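Enquirer: Below are the sequence and a predicted model for it; my questions follow.
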Amino acid sequence: MASDLHLQADGYDDSCVLRDYIQNCDHRDGGTPVDCSKAIKVYIDIVAHELKNVDDHREEFQMVFMLKLSWLDPDLKHFKSSITVRDRSGFTKLHLRQLDVVITKMYCNGDIEFIELSDLSQKRQLLRKHDYFSIQDPEWKEYFFPSYTFLNMQNDAAQPLEARRLLWCGEVGGFVSYAVKYDAKFKEKLDLRAFPKDLQLCRIRLTAEKTVDEFKSCR
């Protein structure tokens, strides 16, 4: 009976995720070890909405699609925010009032745990989703973002829709969802020998703009 053969490439774990590599391995000193174990895993999904055009002369295609990214940012915890709450106490004549807070937890169902900045006791409080009207997003520019580039994009794509959301957060950090809609043209080598019964692979080539020890893509 044949046994299963398990091969594992150097530097990769059982999930085929790179955990370390040698930078400049051809140098006389053997190169520099780089630890990738703490790199942020970014999950990537591309959802095609419409293939608008295929230009076989220019070897281009135009696609409308959504790019979706999600990741766990270990620094996105205990962040300053403001909450707009419905005032049911009757102490003020305002229906809505704003609280300056530090968010300590956000649950998937929208419930939040927070510390009010004006509270000297620094007591943690809990608000259910239906008890507050809105919550201010984190200052996104201060936190991690998986910068990327489309290698075969041929024009400045229209981006009619872009959204970033914090889905939940706690002691391990915050889980972020990012989605952007594109209408763009891409260059792709076409094999037209079987035309008009040919099948073409229309690829969207995406590359990271950070090093692999900072973040790595997952599907």
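Expert: Great, that's in hand.
Enquirer: Now do the end-to-end distance for stretch 100-117.
Expert: End-to-end distance for stretch 100-117, by Cα to Cα, to the nearest Å: 6 Å.
Enquirer: quick one: contacts of stretch 200-207?
Expert: For stretch 200-207, the external contacting residues (Cβ atoms under 8 Å, 6 or more residues apart in numbering) are 44, 46, 51, 54, 61, 63, 65, 67, 148-152, 186, 188, 190-191. In this view, the C-beta of every residue, glycine as well, is placed from N, C-alpha and C.
Enquirer: Could you tell me which of the residues you listed belong to strands?
Expert: Residues of these located in strands (DSSP state E): 44, 46, 51, 54, 61, 63, 65, 67, 148-150, 186.
Enquirer: Which of those scores worst on pLDDT?
Expert: The member of those with the lowest pLDDT is V54, at 88.
Enquirer: ok, what's across the strand from it?
Expert: F61 (DSSP bridges).
Enquirer: Now for it: which residues touch it?
Expert: With contact set as Cβ under 8 Å, 6+ apart, V54 has these partners: 60-62, 200, 202.
Enquirer: ok, now how distant is H95 from G173?
Expert: 34 Å (Cβ to Cβ, to the nearest Å).
Enquirer: which one of the ones in strands among the contacts of stretch 200-207 is nearest H130?
Expert: The closest of the ones in strands among the contacts of stretch 200-207 to H130 turns out to be L67 (Cβ to Cβ; 32.4 Å).
Enquirer: In this structure the closest one contacts I46, no?
Expert: Yes. If you go by Cβ atoms under 8 Å, L67 and I46 touch, sitting 5.7 Å apart.
Enquirer: out of those two, which sits in the more crowded spot?
Expert: Neighbour count, other Cβ atoms under 10 Å: between L67 and I46, L67 has more, with 19 against 13.
Enquirer: Can you give me every residue that contacts the closest residue to that one other than its chain neighbours?
Expert: Distances taken as Cβ to Cβ, 6 or more residues apart in numbering place V180 nearest to L67, at 5.3 Å, with adjacent residues excluded. By Cβ under 8 Å, 6+ apart, the residues touching V180 are 66-67, 159, 161-163.
Enquirer: For V180, what is the enclosing helix or strand?
Expert: For V180, the host element (DSSP states H and E) is strand 173-187.
Enquirer: now A48
Expert: Assigned by DSSP H and E, A48 falls in strand 40-55.
Enquirer: Of all the residues in that strand, which ones are buried?
Expert: Across strand 40-55, burial judged by 16 or more other Cβ atoms under 10 Å covers 40, 42, 44.
Enquirer: ok so, going back, quick one: buried ones out of the contacts of V54?
Expert: Using 16+ other Cβ under 10 Å as the burial test, the contacts of V54 include 60-62, 200 as buried.
Enquirer: Can you give the domain ranges for the chain?
Expert: Annotated domains of the chain cover 9-38, 39-75+140-218, 79-135 [automatic domain parsing].
Enquirer: Between the two ends of the longest one, what distance do you get?
Expert: Read it as domain 39-75+140-218. Start-to-end span of domain 39-75+140-218 (Cα to Cα) is 12 Å.
Enquirer: Counting neighbours, what do you get for D87?
Expert: Around D87 there are 12 other residues, counting by other Cβ under 10 Å.
Enquirer: wait, N53 sits on F61?
Expert: Yes. At 6.7 Å, N53 counts as touching F61 under the criterion of Cβ under 8 Å.
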